[in-house]
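Visitor: Whatever this is, show me its structure:
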Amino acid sequence: MAWHESETLSARQMLDLPPVWLVSFIALVWLQVWIWPSGTIGFPLQGILSGVLFWGGLALMGWAIWAFRTHQTTVVPHQVPSRIITGGPFAFSRNPIYLGDVMVLAGVILGHGAWPALILLLLFAVILVRRFIAPEEARMKENFGEEFIKYTEKTRRWL
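Guide: This next block holds a predicted model:
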């Protein structure tokens with residue numbers, strides 16, 4: 001399905017999208033900082049590192065979305081893409097948007113010095129793999145067969 005062809009998503013699917021999960025996890029980080037401010041620790045270059053992760057993650061997501069649009073295929077996880085993208089950010093990661101999501105969350109956690117919230121980063125990555133990446137890769141394998149298998153052999157899931 002091309003990106004400009006709309007496919008109606010159910011209310012559940014609209015809530016079960018990676019940006020909704022990301023915003024929810026960011027809210028949990030803020031909640032941890034608010035409830036347990038003593039659980040925050042600063043360190044040298046904290047602002048620079050958190051900024052690089054946050055803005056780098058957003059830039060990576062934007063680059064990947066641009067690639068989806070350029071190749072006229074869907075960016076929505078619950079829809080079937082019309083083609084495999086292997087260039088741009090997809091040349092070094094099969095999931096650059098999800099990688100960007102993790103980078104943004106890591107940037108928020110480090111920016112607040114919310115070390116206890118680092119466990120959320122792991123949980124978020126597990127949710128992305130189980131709810132989105134694994135089902136997407138199964139659909140890609142089903143729809144594109146050998147072409148997708150070859151892509152997975154040369155390109156890692158994350159980095």
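
Visitor: CA only for contacts and neighbour counts going forward, please
Guide: Noted.

Visitor: Now do the same for the residue located most distally from the centre of the chain: helix, strand or coil?
Guide: Distance from the centre of the chain peaks at S38, with 29.3 Å (CA atoms, centre = their mean). When classified by DSSP: H, G, I helix; E, B strand; the rest coil, S38 comes out as helix.

Visitor: Now do it against Q32, distance only.
Guide: Shown here: S38 relative to Q32, a distance of 10 Å by CA to CA, to the nearest Å.

Visitor: next one: P18
Guide: 21 Å.

Visitor: and what of A134?
Guide: Applying CA to CA to A134 and Q32 gives a distance of 30 Å.

Visitor: who's more crowded, those two?
Guide: Legend: neighbour count by other CA atoms under 10 Å for A134 and Q32, higher for Q32 (20 against 12).

Visitor: Let me know the helix or strand that that one is in.
Guide: If you go by DSSP states H and E, Q32 is part of helix 18-35.

Visitor: counting contacts, what elements does that helix pack onto?
Guide: helix 96-112, helix 118-127 (3 or more CA pairs under 8 Å, 6 or more residues apart in numbering; DSSP states H and E).

Visitor: Which helix or strand lies directly C-terminal to the last one?
Guide: Looking back up the chat, that one is helix 118-127. Heading C-terminal from helix 118-127 (DSSP H and E), you reach helix 134-144.

Visitor: Which other helices and strands does that next one contact?
Guide: helix 146-154.

Visitor: which residues sit against the helix it packs on?
Guide: Helix 146-154 has contacts (CA atoms under 8 Å, 6 or more residues apart in numbering) with I84, T86, R94, M140, K141.

Visitor: What subset of the residues you listed is buried?
Guide: Neighbour counting by 16 or more other CA atoms under 10 Å classes I84, R94, M140 among the contacts of helix 146-154 as buried.

Visitor: show me what contacts the last one?
Guide: Pointing back at M140 there. V80, P81, F148 are the contacts of M140 under CA under 8 Å, 6+ apart.

Visitor: Give me the residue at the spatial middle of this structure.
Guide: Note: the chain centre (CA atoms, centre = their mean) maps to Y98, 1.7 Å.

Visitor: which SS class is T73?
Guide: coil.

Visitor: whoops, W158 was the one
Guide: Per three-state DSSP, W158 ends up coil.

Visitor: Identify the residues contacting it.
Guide: S93, R94, N95, P96, L99.

Visitor: So of those, which two are at opposite extremes in space?
Guide: R94 and L99 (9.2 Å; CA to CA).
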